[in-house]
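A.B. asks: coordinates for the following, if possible.
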Amino acid sequence: MLTSDGVALYLKVSGKGTPCIFVHGGPGAWSRSFEAMGGDVLEKQLTMYYYDQRGSGRSASSPDNDYSLNRMVEDIEDIRSLTGSDQVYLVAHSFGGVLASEYAARYGDHVKGLILLNATLSINYSLRAQIAFVNQLLGSHVTVENEDSVLPSFLAAMRLLGEKHLRYKMLSDNKATVHLLDSIDRSMPRNYSFARRALEMPEYAADFTKETAGVHVPVLVITGTKDHNIGPDHYKLFRFLKQTVKVIEGGHVLYYERNRQFAETVFGFVADAPDRNIDLLEAAANDQ
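C.D. replies: Have a look, this model is predicted:
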């Protein structure tokens, strides 16, 4: 598909039911690993829209290097418009939480429900959580002197973890899971333009948990007890007004390692979702 500013995005549509846009993480990853490792189970009840963000995966780069949060949100709106549905679900994994929650804040009338799966709303919080986990695991003493040193300290911690061949621990206790994920990620050439720019863009370093109290859509938070990539307690900072939390035993790849529980949780949320068209009509009538 072409975005409203002319960038070609990879998009695959599959399934049945209400449209649901999957917003992948990274920054700069892609949607294929989620789809291939069990995320497609959602197609039983939802029409899934798998897209790769601009400058990511199988999508084209922005010719003017526009990877701003505003533009990434507009890309989601372009996909929502393409569905032909006034309201859609969003499933966001990892860094995708930043993009999806910002979309819900701006375009809440078009969101039937927001599903945050192992999602971060603060990159710096999650980088600090990863550093703390490395220190705990290795007995190391990587410190963060100030906000400007979070990324260099994180990279130092990852080097230590790599030297011990334990980087898989950030995603799962099961090395085979991460091996499968890596094999999918290496299966074809990918675009890394967004990945190379995102962590250098100050707007993505903001703490978006502070905006959650202003989001009025129904929200399902699915979090893992051992998700050291995000921080197992990160969800406790969320203040969505209509929030349901499901804590599942596991790490950052719950959609694969706890696939049945993941699917049942999402389908339960979808089944309980109110008719937001009626809610919006009633709200409009009350405003008159």
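A.B. asks: direction included, what does the longest strand anywhere in the chain pair against?
C.D. replies: Scanning the chain for the strand with the most residues, using DSSP state E, yields strand 111-119. Here strand 111-119 is paired, per DSSP bridges, with strand 88-94 (parallel), strand 218-224 (parallel).
A.B. asks: need the winner for burial among these.
C.D. replies: The highest average neighbour count among these, using mean count of other C-beta atoms under 10 Å, belongs to strand 88-94 at a mean of 27. For every residue, glycine as well, the C-beta is placed using N, CA and C.
A.B. asks: now whatever helix or strand comes next after that strand against strand 88-94, angle please.
C.D. replies: Using DSSP states H and E, the next helix or strand after strand 88-94 towards the C-terminus is helix 96-106. Counting by axes from the mean of the first three to the mean of the last three C-alpha atoms, to 10 degrees, helix 96-106 lies at 150 degrees to strand 88-94.
A.B. asks: ok so, going back, following the longest strand of the chain, which helix or strand comes up?
C.D. replies: Next along from strand 111-119, by DSSP H and E: helix 123-138.
A.B. asks: quick check: which ranges of this protein have low pLDDT?
C.D. replies: For the chain, the stretches with pLDDT under 70 are 274-288.
A.B. asks: ranges for the helices of it?
C.D. replies: Along the chain, counting by DSSP state H, helices occupy 32-36, 69-83, 96-106, 123-138, 150-163, 175-185, 193-198, 254-257, 259-272, 276-287.
A.B. asks: same list (the ones you listed) but as TSV, adding distance to Gly214 and mean neighbour count.
C.D. replies: Below are the helices of the chain laid out as TSV (distance: least, C-beta to C-beta, whole Å; neighbours: other C-beta atoms under 10 Å):
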stretch	distance to Gly214	mean neighbour count
helix 32-36	28	21
helix 69-83	15	19
helix 96-106	6	25
helix 123-138	19	19
helix 150-163	26	16
helix 175-185	34	15
helix 193-198	24	19
helix 254-257	27	24
helix 259-272	21	16
helix 276-287	16	11
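A.B. asks: out of those helices, flag the one nearest His234.
C.D. replies: Evaluated with C-beta to C-beta, the helices of the chain place helix 123-138 nearest to His234, the distance being 6.1 Å.
A.B. asks: residues touching the closest one, excluding its own?
C.D. replies: Residues from elsewhere that reach helix 123-138 (C-beta atoms under 8 Å, 6 or more residues apart in numbering): 95, 98, 120, 140-142, 144, 147, 150-151, 153-154, 157-158, 160-161, 164, 166, 169-170, 199, 204-205, 207, 209, 228-232, 234, 237.
A.B. asks: lovely, talk soon.
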